[in-house]
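Chemist: model the following, please.
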Amino acid sequence: MRVFLATMAGCLLATLAVGAQARALSQNDRHVCGWGAQIAAEAQQAKLSGVNLYATRKRLQARKFAKPWMRMTAFGITEQTYNSRSRLKPAAIKQTYYEQCVQHAAAKR
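Modeler: As a prediction, the model looks like this:
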């Protein structure tokens, strides 16, 4: 019983710590992480659908981006997604990317 309570207390503290980190991030950091996660999910969807990297990059090239840095970042995310052997669903890729991006942004602070 003590082990169970200690485990539950540890999980609760870890959950609170992650929540505090997410709140400490700026709205811009969360927006950028969400944007990158969406790009990764779209790339994974294209990859699983059989669309080759060249066609996906061509589609990105025609796309309008709000900031100049977004185009090259989108290319990088897409290329990494295609180079990965992962066969996860796009929703799982999106969630994983977002979580890791938030952790990275919090660690930089």
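Chemist: hmm, Thr73 is touching Ala40, no?
Modeler: No. Assessed by C-beta atoms under 8 Å, Thr73 is found out of contact with Ala40, at 10.9 Å. Any C-beta I mention is one placed from the backbone N, CA and C, and that applies to glycine too.
Chemist: and those two? Which one has more around it.
Modeler: Ala40 (23 against 15; other C-beta atoms under 10 Å).
Chemist: and the gap between the more buried one and Tyr97?
Modeler: Taking C-beta to C-beta, to the nearest Å as the measure, Ala40 and Tyr97 are separated by 4 Å.
Chemist: what's the overlap in contacts for the two?
Modeler: Ile77 (C-beta atoms under 8 Å, 6 or more residues apart in numbering).
Chemist: can you tell me the centre-most residue of this protein?
Modeler: For the chain, the residue nearest the mean C-alpha position is Tyr97 (1.9 Å; C-alpha atoms, centre = their mean).
Chemist: list the buried residues of stretch 101-109.
Modeler: Residues 101-102, 105-106 are the ones in stretch 101-109 that count as buried (16 or more other C-beta atoms under 10 Å).
Chemist: and Arg109, what pLDDT?
Modeler: Looking at Arg109, its pLDDT reads 82.
Chemist: now for the nearest residue to it once chain neighbours are set aside, how many residues are close by?
Modeler: Excluding the flanking residues, the one nearest Arg109 by C-beta to C-beta, 6 or more residues apart in numbering is Ala24, at 6.7 Å. When neighbours are counted by other C-beta under 10 Å, Ala24 registers 11.
Chemist: ok, Ala24 to Gly34 distance?
Modeler: As defined by C-beta to C-beta, Ala24 lies at a distance of 16 Å from Gly34.
Chemist: Ser86 now?
Modeler: To Gly34, Ser86 is 20 Å away according to C-beta to C-beta.
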